[in-house]
Structures are given as C-alpha cells and as structure tokens.
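# Model the structure of this input:
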Amino acid sequence: MNIARVALLALLSAGAGSASLAQVAAPPAATSSLFEAASNRKPAETVASGPGVVSSADVRASEAGAAMLRRGGSAADAAAATAIALTVVEPQSSGLGGGAFVLTHEAKGGRVTALDGRETAPAGATPERFLGPDGKPLPFREAVVSGRSVGVPGLVAVLAELHARQGRLPWAMLFEPAIALAADGIVVTPRLARIIAARREVLAASGAAAVFLNADGTPKKAGDRIVQPALAATLRAVAAGGPAAFYGGEVGAAISAAVAAAPRGPNSLTAADLSGYRVVQRTPLCFPYRQWRVCSMPPPSAGGYALAQMLAVMARHDVAKLGRDNALSWHLFAEAGRLAQADRAAWGADPGFAPVPVDGLTDPAYLAARAALVRPERAMPAVASGHPPGAPAAPAQVAGGGSGTSHVSAADAAGNVVSLTSTIESIFGSGQVAAGFFLNNELTDFDLAPVRADGRPAPNRVEPGKRPRSSMTPVLLYGPDGRLVAAIGAAGGATIIPQVAKTIIGIVDWKLPVEEAIALPMLFATPERVAVERGSRLEPMLATLKALGHNAVAADLPTKTNALVRDGSGWRGAGDARSEGQAVAARGRVRETR
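Sure thing, here's the model as predicted:
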C-alpha cells in the first residue's frame, strides 16, 4: 500500500493565500477574507523538530515532503514533493502552472546554488501586450484575468533540475502524495473556503468551476471535500514522462489551448514556447548582516537586494537593545522598508534584457549612504529611489503585482537544505485552467505601460522570452562561524521582503525561536505609507509612529512565512500561526533507493 497515501489522507488540511499590493491598500472590509487568520493557533503549534524537517503553508504538503525524507530522500526530494503537493492543497497560491526560485545548500562543501525557474513571456509577446484599443494600459484586473497575463510555467522544469542535481529518490515517487490527494480528495479548510467565496466569479468562469463550486454555483464550504481527477491525471503523466510530458504532449497542448481560448485575445503560448523553456542557474546574492551572512536570489528577483537594503539600515542601530516592543525599533524598520521599496520598484528587471545595477545596489558604500538617510528622531519627509553605482541614467517605473505565492523550507539529516518560493502570481493566477491546474498571471509583473512618462522604454516592459521582476525572497542564513543556521521565505507580493526581514531580525537580534520570529507582527512600508498589522502589538504604537512623522494606519496584511532553524544536531521548523502553515518532521524512515 502507498505509504504516503495512508499518512496524507489521515490529515486535516491547511490552505493559504496572500494578497496583492492593490488589495493591501484596499479597505479592510473588502479583503479580510484573504487575510483573516485561519485559526487561533499558538506559534508553538506549528513547530516540528528533528534531523529532517519540512515547513510549508499546508500540513499535507509538508507531510508529502517528510514522507520523502522517511524513504531516504534528500532535502531536494522533500522540497520538490512538497511543491508538487501544494498544487493540490493550495491551488490558489502555487502549482504546476507557475514558477519558482530555489536556493540550495549542499552539506558537502557548503556550496550555495540559485536556480531561476521564473516564468517567461511567450515569443509572441510584444511591449504593447497590455495596451487596450485606446493605447492605454488595461485596468489591472482585466489584464490579470486573461490569456495575455500567462507566462511559460517554470515550476516543473526547475523541480526537475533540482532533482537531477540533488535528488536521491526516483522522480515518479515525488508525485505519489500529490496524486493521492488529488484523486481521493482534500478537505476544504477555512482559509481556502474564504478565498473560494471571494473569487467565486473568477472560478465560475474557469475550467475548475465543478471542483470548487457546487452544482448551483455556490462556493464549497469549509469541511467539504473536493476531488481533482483532471489534476491527478496530469500528475500521473508528469510522474511517468518527466518534464517532457508537461511541456509537450497532451498537457502542453492543453496549456496552449487554454491560453488561446482565454478572454481578451488573441492570445498565444505555443508548443515552441513551452519546449523552449530553460532554467537559469544564477549567482546567489550574498551580503552581511552584522556578523552573519545572508544569501538570497539576484534579479530578476528584487527581493535579495531590497532585503540587503533593509538589513543595512537595521545594522546601524542597536535594535537588540531597543527590543521588539519598542516603537523606535519599528520606526527604523519602517524607514528601512520605505527605502527598500523605492529601490525595488525603480531598478528591478530581467538582467538578460536590461541593465540591473545589482552590484551597485548591494555596494557597501551605497547601502551605507542610503542607511544614513534614516534618523531615529524623525521619519524622512519623502523617499525616492537612489542612484547606485553602475545604474542607468534614470530608474524604471513602478509595476503592480499579486501574491498567489507559497514557500517551502526543507532540510535532511545530512545537512542539505532547500529554500524554495513558488508562485502563480495572483490568487488563482490568471483564472485560466489547463489539465486540472491554474495558469499563472506572471506577465502582469511586467510594467503594463511599455514606455515611461519621460518617453523612454520601461526596463521591465514585456518582451519575448523575458522574465518579469519578482519580490520572492528565499533566504539561507549563515551564522558568524559560517555554519548554515536557517532557511526562510514568505508569500505576499512586495510584503515578502519585510516578512523575511523581521524573521531574520527576530532570530539574529532578538534571539527568538523560529516560531516566535515568524510570529512577530507585520509592518509593511512603502515610500508613501506605513501599514501595521491590525490587532497586533504594533497597533498601539500607531500614535508614536504618527508623531515621528509616518503616514501610519492599521490594516489587514499578508502573514505567511515558513522557516527552519538549526536546533543542535537537527532542525526546528515552523509555519505562520496566522496562516495555516505547518512544519512536519521525518522521525523514522524507510530505506528506498533508485
């Protein structure tokens, strides 16, 4: 009998999902269904410890990864199985129809590798892709729910590359838990039920209406069971045929057909686009934080260099002494976020198509100059992007973004670790379904207007084969002795960066256990506004933040972080108690090899 099948079907589920910047700025009543905490869990209830641990946004997905560890699999096997299972249990946030960034630490030699599985624009995509008949950019939601927004998915390719490099188990075995979940059904959790209700109209128009809605069109409720036979068939095909079965054959044809039939056509994502997709190995972006070392993703992710800027600001101040309950600590954090978001928006693009001054953005002198703008006694009256060494004459323009995103942290007993962030961009992606899974709307991470206000081409405009800017920030954290200490990541669009930053600060400066570092309240700052998590210990600090000059408000914010921290000879993993994240440990294992 399938071991994973027995274990997984016995578990209750967790869903997840985050919201876009537009949603964060919207009135809370309009978006609380996407942000509301799934339960009243305590942070300790999300924890698991052992020599091998997996943390993800859903306990069933974490169990899928832990099952691989029990069979003698590596962290790479565990992370891949978890990401595949998230397609089934967290369809609104990640899956086969999206992409991912992956950081790995190899115990032997300590090498860090960065794999770029970001989606790419089809060959037929032009800079005018998101312009309407009047020559103006389409409204963002119209651009999202269309075939124009779908990029060539990269998740399957990057998981195959990860497995080829560091996997121990057969490829097909990684799919067994997900196939069981899709074929036998999953229980709808409170979080997923709220998201289904909030996206009812999108789901009704998609090819998945029969899965997520009842026959009368009403949304499935918490406690209902949903079965996904089309997705199970796709998973079986890719398990048996590898990436070629996804990027070609019936699955590839279904992707092309779904894009062609999608609204706001004509739309095209061809067989050549699919077969031509390639994973890119990039140089990890590593930088210091105090005596520690942080490694994250380089462009096309803006997350790594924005995180470097936030931490450079915090490193100039003794936040350890100030403490986590001091409004001054969070004032500094807000100022750091304002600077980081300005540069994230200004300079991010695909380095294969536009000059991205990543060396300048992480240059110690530049970071020091940006950090010197911050004053403990007063908020900066205005924040603009800087001009790092090697930058073009003028910055890019700001693009929007969504956050149908998820993170997986996995470690095995040998000390190998994977930090993987995957996405389909918005909640339920583009709303288009192919072969049982949702297709991304990643191309709306490009600037919808191809020309800036000054008449110059936007560096982050759509172009064939190009990868859109991202905020995904998978992290590997190394201690002063050079030893790997933690794997961290989050979901939530541009809010990913402060979620990861506060977790690092909690671990490094405030010496918190991983679950308490994740549970730190959320603060998200843009150059114009500071939002603090409603109902958190930060809300009483609003008056102080306003007195310091911040345009500060309380808001419902995405909180969906998953992390592992070294715990003696093993690992301690946790999820965000405000979401439905959960860590699972591999306590025993069954020896199985290729």
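# Would you mark the buried spots in the biggest helix by length in the chain?
Longest helix in the chain by number of residues, with DSSP state H as the criterion: helix 327-347. When neighbours are counted by 16 or more other C-beta atoms under 10 Å, the buried residues of helix 327-347 are found to be 327-347. Any C-beta I mention is one placed from the backbone N, CA and C, and that applies to glycine too.
# so what does that helix touch, helix or strand wise?
Judged by 3 or more C-beta pairs under 8 Å, 6 or more residues apart in numbering; DSSP states H and E, helix 327-347 is in contact with helix 303-315, helix 319-322, helix 364-371, helix 496-508, strand 523-525, strand 530-533, helix 542-547.
# buried residues in the helix or strand following that helix?
Past helix 327-347, heading to the C-terminal end, the next element that is a helix or strand (DSSP states H and E) is helix 358-361. For helix 358-361, a neighbour-count test (16+ other C-beta under 10 Å) marks 358, 360-361 as buried.
# Give me the packing partners of helix 358-361, helices and strands only.
Packed against helix 358-361 by the contact rule (3+ C-beta pairs under 8 Å, 6+ apart) you find helix 303-315.
# roughly how far out does the helix it packs on sit from the chain middle?
Here helix 303-315 shows a centroid-to-chain-centroid distance of 18 Å under the convention C-alpha atoms, centre = their mean, to the nearest Å.
# Just the pLDDT at G17, thanks.
Confidence at G17, expressed as pLDDT, is 32.
# Ok, E592 next?
33.
# Let's verify I518: helix, strand, or coil?
The three-state label given to I518 by DSSP: H, G, I helix; E, B strand; the rest coil is helix.
# Quick check: it touching A574?
Yes: counting by C-beta atoms under 8 Å, I518 touches A574, with 5.6 Å between them.
# list residues touching both of the two?
A shared contact of I518 and A574, defined by C-beta atoms under 8 Å, 6 or more residues apart in numbering, is any residue touching both; here these are 43, 46, 562-563.
# Tell me the one among those nearest to D556.
Closest approach to D556 among the shared contacts of I518 and A574 (C-beta to C-beta): P43, at 19.2 Å.
# Phi and psi next, for that closest one.
In terms of degrees, to the nearest 10, the main-chain angles of P43 are phi -50, psi -40.
# Tell me where the model's unsure across the stretch 1-150 of the chain.
Scanning the stretch 1-150 of the chain with the threshold set as pLDDT under 70 gives 1-39.
# quick one, helices of it?
Counting by DSSP state H, counting those that start in this stretch, one finds helices in the stretch 1-150 of the chain at the ranges 3-9, 21-25, 28-35, 59-70, 75-89, 140-144.
# for the stretch 251-400 of the chain, which spans come out with low pLDDT?
The low-confidence ranges in the stretch 251-400 of the chain, as defined by pLDDT under 70, are 393-400.
# Leaving out chain neighbours, which residue sits closest to A371?
Closest residue to A371 in three dimensions, ignoring its sequence neighbours and counting by C-beta to C-beta, 6 or more residues apart in numbering: V313, at 4.4 Å.
# how far away is the one you found from P284?
With the distance defined as C-beta to C-beta, to the nearest Å, V313 ends up 22 Å from P284.
# Same check on A384?
In this structure, A384 and P284 are separated by 29 Å, where distance is defined by C-beta to C-beta.
# With neighbour numbers in mind, choose between those two.
For A384 versus P284, neighbours defined as other C-beta atoms under 10 Å are more numerous around P284 (20 against 12).
# Now do the same contact list for the more buried one.
Applying C-beta under 8 Å, 6+ apart to P284 gives the contacts 103, 112-114, 295-298, 476.
# need these in CSV with neighbour count, can you?
As requested, the contacts of P284 are arranged in CSV below (neighbours: other C-beta atoms under 10 Å):
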residue, neighbour count
L103, 26
V112, 18
T113, 18
A114, 24
C295, 20
S296, 29
M297, 29
P298, 22
L476, 25
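# Number of residues surrounding R71?
23.
# burial measure for D556, as a count.
Neighbours of D556 under the rule other C-beta under 10 Å: 25.
# follow-up on the earlier one: identify the residues contacting the residue nearest to A371.
In this structure, V313 makes contact with 332, 335-336, 339, 370-371, 374, judged by C-beta under 8 Å, 6+ apart.
# Export those residues as CSV, with columns for distance to Q92.
Supplementary listing: the contacts of V313 in CSV, determined by distance: C-beta to C-beta, whole Å:
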residue, distance to Q92
L332, 34
E335, 33
A336, 30
L339, 32
R370, 36
A371, 37
V374, 37
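# Tell me the one among the residues you listed nearest to H163.
The shortest gap between H163 and any of the contacts of V313 belongs to A336, at 37.1 Å (C-beta to C-beta).
# which one among the buried residues of helix 358-361 gets closest to T270?
Ranked by distance to T270 (C-beta to C-beta), the buried residues of helix 358-361 are led by V358 at 31.9 Å.
# W347 versus that closest one, what's the distance?
If you measure V358 against W347 using C-beta to C-beta, the figure is 8 Å.
# Keep only those of the shared contacts of I518 and A574 that are in strands.
Taking DSSP state E as the definition of strands, those contribute 562-563.
# Pull the most distant pair out of the shared contacts of I518 and A574.
P43 and N562 (12.5 Å).
# Could I get the contacting residues of the nearest residue to T82 once chain neighbours are set aside?
Of all residues not flanking T82 in the chain, G65 sits nearest, at 3.6 Å (C-beta to C-beta, 6+ apart). Taking C-beta under 8 Å, 6+ apart, we find G65 in contact with 54, 56, 77-79, 81-82, 85, 408, 410, 584.
# again, only this time at 7 Å
Taking C-beta atoms under 7 Å, 6 or more residues apart in numbering as the definition of contact, the neighbours of G65 are 54, 78-79, 81-82, 410.
# can you redo those as CSV with neighbour count?
Rendered in CSV, the data for the contacts of G65 read as follows (neighbours: other C-beta under 10 Å):
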residue, neighbour count
V54, 34
A78, 35
A79, 36
A81, 35
T82, 35
A410, 38
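# pLDDT at N214, what is it?
Confidence per residue is given as pLDDT, and for N214 that number is 97.
# Disregarding flanking residues, what is the spatial nearest neighbour of it?
N214 sits nearest to K220 (C-beta to C-beta, 6+ apart), 6.6 Å away.
# cool, Q166 as well?
In space, and not counting its chain neighbours, Q166 is closest to A76: 3.7 Å by C-beta to C-beta, 6+ apart.
# Could you give the number of residues near that neighbour?
Taking other C-beta under 10 Å as the criterion, the count of residues near A76 is 29.
# Then R293?
Neighbouring residues of R293 were enumerated by other C-beta under 10 Å; the total is 18.
# Now for it: which residues touch it?
Taking C-beta under 7 Å, 6+ apart as the definition of contact, the neighbours of R293 are 286, 478.
# one step back: any chance of the shared contacts of I518 and A574 in CSV, plus neighbour count and distance to L443?
As requested, these are exported to CSV (neighbours: other C-beta atoms under 10 Å; distance: C-beta to C-beta, whole Å):
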residue, neighbour count, distance to L443
P43, 20, 37
T46, 27, 34
N562, 36, 27
A563, 31, 30
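# Which single one of the shared contacts of I518 and A574 is nearest to V158?
Looking at the shared contacts of I518 and A574 and their distance to V158, the nearest is N562, at 18.1 Å (C-beta to C-beta).
# what about the closest one, distance to L542?
Note on N562: its distance to L542, by C-beta to C-beta, is 29 Å.
# Just to be sure, V553 is in a strand?
Yes: inclusion of V553 in a strand is indicated when three-state DSSP is applied.
# How about the contacts made by it?
Per C-beta under 7 Å, 6+ apart, neighbours of V553: 529, 531.
# Beta-bridge partners for it, please?
Counting by DSSP bridges, V553 forms beta bridges with A531.
# Since that was my last question, I'll sign off now.
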